Structures are given as C-alpha cells and as structure tokens.
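Chemist: Sharing a sequence plus its predicted fold:
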Amino acid sequence: MTPPFANPTAPARMALNASPDRVRAAQDNMPPLGSADQPDPSAAPAAGQVGGDFQTFLKMLTTQIKNQDPLNPMEGSDFAVQLATFSGVEQQVRTNDLLGRMAGAGLGGLGTLAHWIGKEVRTTAPVAFKGEPLTMQIDPARGADQVTLVTLDASGKEILREDIGTGSGEVDWAGRRADGTALPSGRYSFRLESALKGEVIATGNVGVFAPVTGAELTAQGTRLTLPGGATTLESEVTALRERSS
C-alpha cells in the first residue's frame, strides 16, 4: 500500500425673566460655585479640552449676570444661546478627540498585520488542497502504539482515516485514499488519534503549514487569508516561519 506521506456625548436651557427683580432673585438664589448643584470638576474631560474649562464658563456667566444693566438686562434666550454654543463646542472637541484616538489605534493595528504577509503559518483551521502535498506536524501521545490521521472536509465530516505509525515530526500528506486515488480539491482539516492496545488515549487537531497572502482585523481578532479561499484566526495559529522556497 502506498504510504500517504512523502516527507516531513442637549445643552441646558436657561430662561431668565427680563425684569430687574427676577434678575436679582436669580443672583441671590444662585448656589455657590463648587456646591453639590454644580458639576464636579473631576468629572470634566481631560486637560486641554473645552470641557475642562466648564467652571471658568460658569464664573464668566455669573459675572455677566451680576454686572448687566438692570434697566436693560439680557434676554433669557441670549443665555440659552451661550450655553448651547458652549455645549456644542464641547461635544465637537470630544468627538474630534475620539476620532483621533480611533484613527491612531487603527493605524497601529494595521501596522501589526504587516509581519504576517509572506510568512507561513501552521494552523488547525481547514486549509486548501489542490493535489499538492500539505506539510503538517504530527505529535502523537507518548506511549501510543497506534496513530490514526483523520481527514475532515470543510463541513467537518470525516472522509478518510489513515494509520500512519507512531513517528512524530513534519510529514507531507499526499491526499490519497488507500487505493491510490487522490481526494478532490477542497478545504480539509485534520485530527490525530493516539491509541494504546486498541483504546484511544488522546486526540488533537493537527496543524498544517500554509502561506499567508493577506490579513485583516475582525471582531474575532486577526484573520489571515490563505491560498484557495481558506482563512484562519490568529488564535488557530500554532507556529510561524519564513516561507519555504
């Protein structure tokens, strides 16, 4: 029998009545700065942002109310406009800061992908087979007297079992049945079963080497593109090496 292997963010509204009495009442009833009714400065955004000057804005607004002409006070809508303007600028600054941090993180993340391209990875995810041997790592359980390589198709269905002996290391899988016919092109994954005196004592996924042709950041992590439409997550990669010639 031919062996199967060859090799190894709404602004607040402020409505003040235009009468001087109401203005003075507002002044007398205004809580002191720093009271529980005022925003906590420690909750303001980081230094350098407009939000960090909110207390300064309140002081300026209070001074403006105290020093206005009681015979010609500002309309309540003017105060509302000031608050709305301040709030809008504050939100824009926060948005710009967030976008900047996101852009920086994205560029940095993409930069980390460059080292994958052109390398070979050993992955336990399905890889493409097109008639050429696949190099895989065989590591049977210690003490096993029988080792079986199980081949699974893209849907995870078992299609081939091969007794490969108890050796370990890298081997080249030829993709042939017992009668010598080649398996059809497709994506395959592999499992190793180690047995002792007829009892399976260990099973594990087999890593297969494949070149990396692309990489992207996904919600699941870094996903690498392999030949034949195959892909693998970084978490499925067990080794990385320079691509063999």
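Modeler: Thanks, I have the structure now.

Chemist: Where does the record place the domain boundaries for this structure?
Modeler: Domain assignment for the chain by automatic domain parsing gives 20-111, 114-242.

Chemist: Need the winner for burial among the ones you listed.
Modeler: domain 114-242 (a mean of 16; mean count of other Cβ atoms under 10 Å). C-beta coordinates here come from the backbone N, C-alpha and C atoms, glycine included.

Chemist: What average pLDDT does it get?
Modeler: Summarised as a single mean, pLDDT over domain 114-242 is 95.

Chemist: residue ranges of the strands in this protein, please?
Modeler: For the chain, applying DSSP state E gives strands covering 119-123, 127-129, 134-138, 146-152, 158-163, 169-173, 186-196, 199-205, 207-211, 214-218, 221-225, 231-233, 237-242.

Chemist: Could you save these as TSV and add columns showing distance to residue 71?
Modeler: Below are these laid out as TSV (distance: least, Cβ to Cβ, whole Å):
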stretch	distance to residue 71
strand 119-123	80
strand 127-129	85
strand 134-138	90
strand 146-152	89
strand 158-163	93
strand 169-173	94
strand 186-196	85
strand 199-205	86
strand 207-211	83
strand 214-218	64
strand 221-225	69
strand 231-233	73
strand 237-242	78
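
Chemist: quick one, which of those strands is nearest to residue 64?
Modeler: Judged by Cβ to Cβ, the one of these that comes nearest to residue 64 is strand 214-218, at 49.7 Å.

Chemist: Now do the closest one against strand 221-225, angle only.
Modeler: Angle of strand 214-218 versus strand 221-225, following axes from the mean of the first three to the mean of the last three Cα atoms, to 10 degrees, is 150 degrees.

Chemist: from now on call the first residue 55
Modeler: New numbering, starting at 55: the last item is strand 268-272.

Chemist: elements contacting strand 268-272?
Modeler: Packing contacts for strand 268-272, counted by 3 or more Cβ pairs under 8 Å, 6 or more residues apart in numbering; DSSP states H and E, involve helix 130-165, strand 275-279.

Chemist: Mean pLDDT lowest where, among those?
Modeler: Among those, helix 130-165 carries the lowest mean pLDDT (a mean of 65).

Chemist: can I get the CA coordinates of stretch 272-292 in PDB?
Modeler: Presented in PDB, the C-alpha positions along stretch 272-292 are these (Å, rounded to 0.1, in the frame of the first residue of the first chain):
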ATOM      1  CA  THR A 272     -12.100  41.500  12.700                       C
ATOM      2  CA  ALA A 273     -14.300  41.300  15.700                       C
ATOM      3  CA  GLN A 274     -12.900  37.900  16.400                       C
ATOM      4  CA  GLY A 275      -9.300  39.000  16.100                       C
ATOM      5  CA  THR A 276      -6.700  39.000  13.400                       C
ATOM      6  CA  ARG A 277      -7.800  36.800  10.400                       C
ATOM      7  CA  LEU A 278      -5.300  35.700   7.900                       C
ATOM      8  CA  THR A 279      -6.000  34.800   4.300                       C
ATOM      9  CA  LEU A 280      -4.500  31.600   2.900                       C
ATOM     10  CA  PRO A 281      -4.500  30.200  -0.600                       C
ATOM     11  CA  GLY A 282      -7.600  28.600  -2.100                       C
ATOM     12  CA  GLY A 283     -10.100  30.800  -0.200                       C
ATOM     13  CA  ALA A 284      -9.000  29.400   3.200                       C
ATOM     14  CA  THR A 285      -8.700  31.700   6.200                       C
ATOM     15  CA  THR A 286      -7.500  31.300   9.800                       C
ATOM     16  CA  LEU A 287      -7.800  33.300  13.000                       C
ATOM     17  CA  GLU A 288      -4.600  34.100  14.900                       C
ATOM     18  CA  SER A 289      -5.900  32.000  17.800                       C
ATOM     19  CA  GLU A 290      -5.700  29.000  15.500                       C
ATOM     20  CA  VAL A 291      -2.100  29.500  14.500                       C
ATOM     21  CA  THR A 292       0.400  27.300  16.300                       C
END
